[in-house]
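In: Quick check, what structure comes out for this input:
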Amino acid sequence: MFYKDDRLALFIDGANLHSAAKALGFEIDFKLVRQEFERRGRLVRAAYYTALLESEEYSPIRPLVDWLAYNGYTVVTKPAKEFTDQTGRRRVKGNMDVELAVDALELAPRIDHAVLFSGDGDFKPLIDALQRRGVRVSVVSSTRTQPSMVADEVRRQVDNFIELDALREVIGRPPREPRPLPTEPMTVET
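Out: Down below sits the predicted model:
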């Protein structure tokens, strides 16, 4: 439940939200995310957390991170770590859970409601701690993916669970029109 005079903060686990939206078959429009939660209460902070690969010349997430930073989001990043697993496959590790949890707890005295965009079970202690401080906690994730993107213990603990797929029409980007295939140039004989 949201109240118009609630001081809200959004805490977005970028990798988790991206995975959930991708599994549901849509893209998030972050301008619409801000608008939706500004409508639900007084938005104090919207924070986006992601790890970035600094070894690559171009990162596909860099344009999003830059756009967010210029459009009212607090962007928290750290370098992702690359390693090769025992099977020889390249892996990337960049967990932002601790940074998100610390920021949420520091902001807790100045908010009434925290909205966590992640269903990761590691956040259960954070949810407990926020609730002990009198902050209501909503989680945005999905049970409609296979497997479910929200841990059962998180879903049981939160004050409000918001199914990401139910927000598709509100915060989803319209599907892009497929580009027409190039055709042969026409030659006109005179």
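In: partners of residue 114 in the sheet?
Out: residue 9, residue 137 (DSSP bridges).
In: Of all the residues in the helix or strand of the chain with the lowest mean pLDDT, which ones are buried?
Out: None of the helices or strands of the chain scores lower by mean pLDDT, DSSP states H and E than strand 90-93, at a mean of 76. Across strand 90-93, burial judged by 16 or more other C-beta atoms under 10 Å covers no residue at all. To be clear about C-beta, it is placed using only N, CA and C from the backbone, and glycine gets the same treatment.
In: next one: stretch 41-61
Out: By 16+ other C-beta under 10 Å, the buried positions in stretch 41-61 come out as 41, 43, 45-53, 61.
In: So which of those residues sit within strands?
Out: 43, 45-52 (DSSP state E).
In: just to confirm, which helix or strand has residue 4 in it?
Out: Using DSSP states H and E, residue 4 sits in no helix or strand.
In: Ok, residue 39 next?
Out: Per DSSP H and E: helix 30-40 holds residue 39.
In: ok, and what's touching stretch 143-151?
Out: Residues from elsewhere that reach stretch 143-151 (C-beta atoms under 8 Å, 6 or more residues apart in numbering): 16, 19-20, 23-24, 119-121, 124, 139, 141-142, 155, 161, 163-165.
In: would you list every one of the strands in the protein?
Out: Here the chain has its strands, by DSSP E, at 7-13, 42-52, 74-79, 81-84, 90-93, 113-117, 136-141, 160-163.
In: quick one: which of these is nearest residue 107?
Out: Each of the strands of the chain has some distance to residue 107 by C-beta to C-beta; the shortest is strand 7-13, at 5.5 Å.
In: which stretches of this protein have low pLDDT?
Out: Along the chain, segments meeting pLDDT under 70 span 55-57, 175-190.
In: Quick check on the contacts of stretch 143-151: which are buried?
Out: 16, 19-20, 23-24, 119-120, 139, 141-142, 161, 164-165.
In: closest to residue 98 among the residues you listed?
Out: residue 120 (12.1 Å).
In: So that closest one versus residue 75, what's the distance?
Out: Using C-beta to C-beta, to the nearest Å, residue 120 is found at 19 Å from residue 75.
In: for residue 24, same thing?
Out: Counting by C-beta to C-beta, the gap from residue 24 to residue 75 is 24 Å.
In: mind listing what's buried in stretch 82-100?
Out: For stretch 82-100, using 16+ other C-beta under 10 Å, the buried residues are 94-96, 99-100.
In: What lies in contact with that stretch?
Out: 11, 13-15, 47, 49-53, 55, 76, 78-81, 116, 118, 120, 122-123, 126.
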